[in-house]
Every structure is written in structure tokens, then in C-alpha cells.
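Novice: Need the 3D shape of this:
(2 chains)
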Amino acid sequence: MTIHIDRERCVAAGTCVMTAPAVFDQDDDGIVELLQAEPADDAGVADAVARCPAAAIEVTV
Amino acid sequence: MPKLEVSDLIARPARCPFDPSSAVVALLDEDEFGRVDLPLQPGAHVVTRYEDVRAVLSDTRLSSAPGGLRRKPGELADELNQLRLPMLSDDDPEHATLRRAVAREFSIKRVAAMRPMIERVVEEALDDLEAAGPGADFIAHVALPIPSLVISELLGVPYADRKTFQERSRILLDLTVSQEARGAAMAEMFQYLGGLVHGRRAQPDADDILSRTLRDHGDTFTDAEVTGLGVLLLIAGHETTANTMGLGTVLLLQHPEDLAAVRDDPAVTDRAVEELLRYAAVVQMPFTRHALEDVEINGHHIAKGDDVTCSLTTANRDPRLLPDGDAFDIHRDQPAHVTFGYGIHQCLGQQLARMELRVVYPALLRRFPGLTIAAPVEELPFTTATQTYGLTALPVTW
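Specialist: Residues are numbered from 1 along each chain as shown, chains lettered A, B, ... in the order given. You can find the predicted model right below:
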């Protein structure tokens, strides 16, 4: 699993950090940052994708 | 195409004050779009299914900008009409410019750092409830003051001005007072925050949202724009959080088997907050969208120029999202509910709202272990004519 984020689309709702804090963080401006591009397990990533209001997270297997 | 009344969207059945009306549930069951004559948007589409609501709210062909709305001039008091809610009623790129300027204020880390301040505000509100004695109104003493005091802290409203600030914000958001009184309170609020912004512009070194915005984006935004932003933050976070706090208290007290866990176990508290956000869904209809071109949603046609509204209450209970969505269950794994909306306009203050709710319930249950509602739930004054669902009063004893 490889995760791609689109920081331009991000609207800083924080839902990804809430559901997958080991994988996503927010920078000082609230915009998504990727902590792990290839996490070993799902670790809430599917939930983060489902919740992201701006479709800013993409996962390829 | 089923025709609904506005009351079908905002009123809930008297005997089941948390359930959506049978008319919107019928739309959900039949997978239909309805039509409703909203005051400013006659013949608006009504969308109820979870997937359709998410599709509508995230489709940029459906505009949030009032320029696209068929407003009838003169239908709103001048003062309210002049309040153009920045960000909320903008599409990108205007929306994004403003949102990015303040997004950092509401990140998970920033909100976590606010926790001690929120705990202090909550304890003060509970002191006030205790001093008022059994039979006191939870809404007036706790649910309404907390969001107002928290936003006062964030905006840097001086202590000496807080009472006046709170009083104006209460009037501004009270739909039972006259349009004129609300318009006057709105004007006073703009004037007050305008004064704060003017002072911060001269000396922008304080640790608050207005100062930071002027420091970092002072060249981009005028004083009037920063003032409008302050008023928006006040309005957007106030009644919504207060109503959720009141309704959540009723829901938790109706499930006494859960109270000890909500009081003592932070993981359960977090889940319970998420469930009551889903279940109560206080913003019953999000801002109306306006089709900039023809759009197909799940086989339903929305023509260019049409207006669209959604029922967030039914979306959160859609059986395709949750098999038992009508049940209140604080232990369930939460699906991605749409209480905070969806798409680029999804609530920017959602993590702050969650934090206020996560702090208030354990503190309330610790302080008042014998808390009960001092009236039958079906006789409580639920709001039946407002876009935001809630209680106008909640008498409690302990």
C-alpha cells in the first residue's frame, strides 16, 4: 500500500490525523503531511480516505 | 417528485424528538429527491441519501456563492443581508484563500493545546450551574456560555468586555428575538470586533487569532475582512456547539448504563461524542447549493440554475451506511458521518467542537453524579422552526 496526498486539495479538517495519527499529521498551517507513505498495515488509512472531505488522499496497492 | 414543506426538513416528530420527520424518511426509503419551497430558493431539490449528500456537497459544479442564488431583495433585514459570510458563501479560490489563512488555528495539535483553557471554561460554567441550584437551565448556564467563552479566549476579547460580548452574541443567535434586535446586535458585534481589529492592527503582538491573522496576512486582508472573519468564527461555532451539548446531555441521561464509562474512560467519551454528533446532527440543512451547470447525481437530474439542499439527519441514518442507524449506541464503530458537512466547506472548527464536547461530559458527570432532567423529555422545548436543531432550555436537577 502506497499513500499519496494532495496538499493543494487539503482543507485542514483534520479527519485523517484523527483516524490514522501514525500515518498523517498536519503542518503548522493545518495542511496534511505524510508521516508514512507505505505503512505496514492499514492503521486506519481506509477510514481516513473515506472521511477526507476534499478527496486529498489516494491509496495504491 | 415528492413535494415537502420546510417544516418536514427542520421539525422532528413530537414523540421522538431525535428522529427525522416521516416525510424525509420516506424520501430516503424510496431513493427519491424531493422538492421544497425554501424562503429564498423556491423548488429546491431535497437530497437525503448518504452517498448522494456527499456527492452534492463535494461537487464543485454546485456553488455555495450567493451570487448564484436567486435571492429576492428585501426579504432579509438590511443588516443581515449585508452580512456576507466570508468563506461559507464563497467558492474556491476565494474560499481557499481565507480558509488557508485560519486553518492552522483549528488543527488537531492547536486544539489539543487549548484543552487546559477549555477545561477551565467548563469548570467555571459548571460552578455557575451549581450556584444557580437544582432546577437551573443547563442551556443558559453551561451550553451557551462555553462556546462563547472559548471563542472570546481565541479572539482575545478582554475580560472586561466579555459580559457585553456574550450578551450580544446571545441576542445575535437567538431566533426568538425580533429581526430588528438581532440586526442591531449584529451591527454592534461588527462594531465591537472592528474596534478590536483596529487596535490589533496598530499593535499585532498578542497571542490570539486576530493578531496572528493581521501579523501574517495583514497585507492580504482589510480590517473589515478580518472583522467579518471574527464574526463568522463566533457565529459558526456558537449555536451549533451549544445545541449539540444540550441534546447530547439528554441522550446520555437517557442511557444511564453508559454514564460511568463516559465519565471515566476517555476512549469511550470520544466514541460517545462521535455518536451523539452523528445522531443529533444539529445542522439539519447545510447551506443551499446552486447548480452552475447540469449535474447527474445517482441518476437524478439537477438542471443548471436549480438549488439543492440536503438532509444531514437522514444521511447519517441511511441504512446503506449503518444497518441500525436509528439506534443511539455509544460503543459502535463510527462511520464517516456528515454532521460537519462534506467537501471543501466541511466545518473548519470540527476538532474544537469535539474537544469542547469531550471535556464537558466527563466534567459534568463528575460534578453532578445524580444529574437528571427536571421534565419529561417529550415536553422539553425543542426548537421546531430553526435550521439548527436544539433545545431552548434544559432544566436539570442533581
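
Novice: Tell me the spacing between residue B:303 and chain A.
Specialist: Separation of residue B:303 from chain A (Cβ to the nearest Cβ, to the nearest Å) stands at 25 Å. Backbone N, C-alpha and C define where each C-beta goes, glycine included.

Novice: likewise residue B:7?
Specialist: Residue B:7 sits 29 Å away from chain A when distances are taken as Cβ to the nearest Cβ.

Novice: now swap in residue B:185 and tell me
Specialist: 30 Å.

Novice: so which strand or helix has that residue?
Specialist: In this assignment (DSSP states H and E), residue B:185 forms part of helix B:179-202.

Novice: what's the spacing between the following helix or strand past that helix and its chain's center?
Specialist: Downstream of helix B:179-202, the next assigned helix or strand under DSSP H and E is helix B:209-217. Centroid displacement of helix B:209-217 relative to its chain, using Cα atoms, centre = their mean, to the nearest Å, is 25 Å.

Novice: Likewise for stretch B:183-192?
Specialist: Worked out by Cα atoms, centre = their mean, stretch B:183-192 lies 21 Å from the chain centre.

Novice: check contacts around the residue nearest in space to the middle of chain B.
Specialist: Geometric centre of chain B, nearest residue: residue B:240, 2.8 Å, by Cα atoms, centre = their mean. Listed by Cβ atoms under 8 Å, 6 or more residues apart in numbering or on different chains, the contact set of residue B:240 reads B:282, B:283, B:353, B:388.

Novice: swap the cut-off to 6 Å and go again
Specialist: By Cβ atoms under 6 Å, 6 or more residues apart in numbering or on different chains, the residues touching residue B:240 are B:282, B:388.

Novice: cool, and residue B:380?
Specialist: Residue B:380 touches residue B:391, counting by Cβ under 6 Å, 6+ apart.

Novice: ok, 8 Å please
Specialist: Contact analysis of residue B:380 by Cβ under 8 Å, 6+ apart lists B:17, B:250, B:373, B:391, B:393, B:394.

Novice: would you turn these into TSV with neighbour count, pLDDT and distance to chain A?
Specialist: Listed next are the contacts of residue B:380 as TSV, based on neighbours: other Cβ atoms under 10 Å in any protein chain shown; pLDDT from 0 to 100; distance: Cβ to the nearest Cβ, whole Å:
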residue	neighbour count	pLDDT	distance to chain A
B:17	18	88	28
B:250	20	97	25
B:373	17	98	31
B:391	21	93	27
B:393	12	94	32
B:394	26	97	28
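
Novice: These in strands, which ones?
Specialist: Using DSSP state E, the members of those that fall within strands are residue B:373.

Novice: Farthest pair within the contacts of residue B:380?
Specialist: B:17 and B:393 (13.7 Å; Cβ to Cβ).

Novice: Can you check the pLDDT for the closest residue in space to residue B:348 that isn't next to it in sequence?
Specialist: The spatially closest residue to residue B:348, leaving aside those adjacent along the chain, is residue B:106, at 5.4 Å (Cβ to Cβ, 6 or more residues apart in numbering or on different chains). pLDDT for residue B:106: 96.

Novice: Helix, strand or coil: sort out the residue nearest to residue B:34 when sequence neighbours are not counted for me.
Specialist: Take residue B:34 and drop its neighbours on the chain: the residue closest to it by Cβ to Cβ, 6+ apart is residue B:46, 3.8 Å away. What DSSP: H, G, I helix; E, B strand; the rest coil gives for residue B:46 is strand.

Novice: returning to that earlier point: what helix or strand is the residue nearest to the centre of chain B located in?
Specialist: Assigned by DSSP H and E, residue B:240 falls within helix B:223-253.

Novice: Going C-terminal from that helix, what's the next secondary structure element?
Specialist: Moving toward the C-terminus from helix B:223-253, the next helix or strand (DSSP H and E) is helix B:259-264.

Novice: Tell me the buried residues in that next one?
Specialist: Residues of helix B:259-264 classed as buried by neighbour count (16 or more other Cβ atoms under 10 Å in any protein chain shown): B:259, B:262, B:263.

Novice: how about these in TSV, adding distance to chain A?
Specialist: Formatted as TSV, the buried residues of helix B:259-264 follow (distance: Cβ to the nearest Cβ, whole Å):
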residue	distance to chain A
B:259	24
B:262	19
B:263	22
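
Novice: Quick one: the residues you listed as JSON lines, columns for pLDDT too.
Specialist: As requested, the buried residues of helix B:259-264 are arranged in JSON lines below (pLDDT from 0 to 100):
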{"residue": "B:259", "pLDDT": "97"}
{"residue": "B:262", "pLDDT": "98"}
{"residue": "B:263", "pLDDT": "98"}
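
Novice: Which of these sits closest to residue B:34?
Specialist: residue B:262 (36.6 Å).

Novice: what about residue 38, how many neighbours?
Specialist: Just going to use chain A. 9 (other Cβ atoms under 10 Å in any protein chain shown).

Novice: try again with chain B
Specialist: So residue B:38, with other Cβ under 10 Å, has 15 neighbours.

Novice: Output the set of residues of chain A in proximity to chain B.
Specialist: Neighbours of chain B within chain A, by Cβ under 8 Å from any Cβ of the partner chain: A:11-15, A:17-18, A:26, A:28-31, A:47, A:50-51, A:53-55.

Novice: Which residues of the stretch 51-200 of chain B lie near chain A?
Specialist: Neighbours of chain A within the stretch 51-200 of chain B, by Cβ under 8 Å from any Cβ: B:58, B:96, B:99, B:100, B:103, B:104, B:105, B:106, B:107, B:108, B:109, B:110.
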